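[1] sharing a model prediction with you, sequence too.
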Amino acid sequence: MPRMVAVASRSFSRNTTLRTELLEKYPDATFNESGKTLSGIELVEFLNGHEKAIIGLEVLDRVVISQLHDLKTIGKYGVGNRMPERRFDYWRGFTGQVKYFQEGSTKHLTEIMGDQALE
């Protein structure tokens, strides 16, 4: 049975508040404790057997994704301009610096993204 969440992002993995909040929901979450950006086979080995991944600067190319049969959801944490929308059959997300509450809306960004996932 696949584990739920793997956090490859170094900065997310080092953030005490984010770790605590994630562990409350997913007690078996796996964090990148290496302190380095994972890539290639190292990234595959880390994410293998997980249904969800939180990445930062990691690059998920076709070679990596093709080996992650249990992976269903990928969340991007932090900044960067390498959005992977062309690498997936379906992509929803936000580019640039977004606000947690969009102008004119009372919905938190997390709720908006959850709604997108159900579309």
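    Nice, thanks for sending it over. Numbering: from 1, shown residues only.
[2] quick one: the strands in this structure, in order.
    3-7, 30-31, 50-55, 73-76 (DSSP state E).
[3] in JSON lines: those, plus mean pLDDT and distance to residue 115.
    Placement of C-beta: from N, CA and C, glycine included. Listed next are the strands of the chain as JSON lines, based on pLDDT from 0 to 100; distance: least, CB to CB, whole Å:
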{"stretch": "strand 3-7", "mean pLDDT": "91", "distance to residue 115": "20"}
{"stretch": "strand 30-31", "mean pLDDT": "96", "distance to residue 115": "27"}
{"stretch": "strand 50-55", "mean pLDDT": "93", "distance to residue 115": "17"}
{"stretch": "strand 73-76", "mean pLDDT": "84", "distance to residue 115": "14"}
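[4] the ones you listed into a markdown table, with extra columns for distance to residue 38 and mean neighbour count?
    Below are the strands of the chain laid out as a markdown table (distance: least, CB to CB, whole Å; neighbours: other CB atoms under 10 Å):
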| stretch | distance to residue 38 | mean neighbour count |
| --- | --- | --- |
| strand 3-7 | 10 | 21 |
| strand 30-31 | 12 | 19 |
| strand 50-55 | 9 | 21 |
| strand 73-76 | 14 | 16 |
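[5] of all the ones you listed, which one is nearest residue 24?
    Nearest of those to residue 24, taken as CB to CB: strand 3-7 at 11.9 Å.
[6] the closest one vs strand 50-55, what angle?
    10 degrees (axes from the mean of the first three to the mean of the last three CA atoms, to 10 degrees).
[7] adding distance to residue 21, write the strands of the chain out as JSON lines.
    Formatted as JSON lines, these follow (distance: least, CB to CB, whole Å):
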{"stretch": "strand 3-7", "distance to residue 21": "12"}
{"stretch": "strand 30-31", "distance to residue 21": "13"}
{"stretch": "strand 50-55", "distance to residue 21": "12"}
{"stretch": "strand 73-76", "distance to residue 21": "13"}
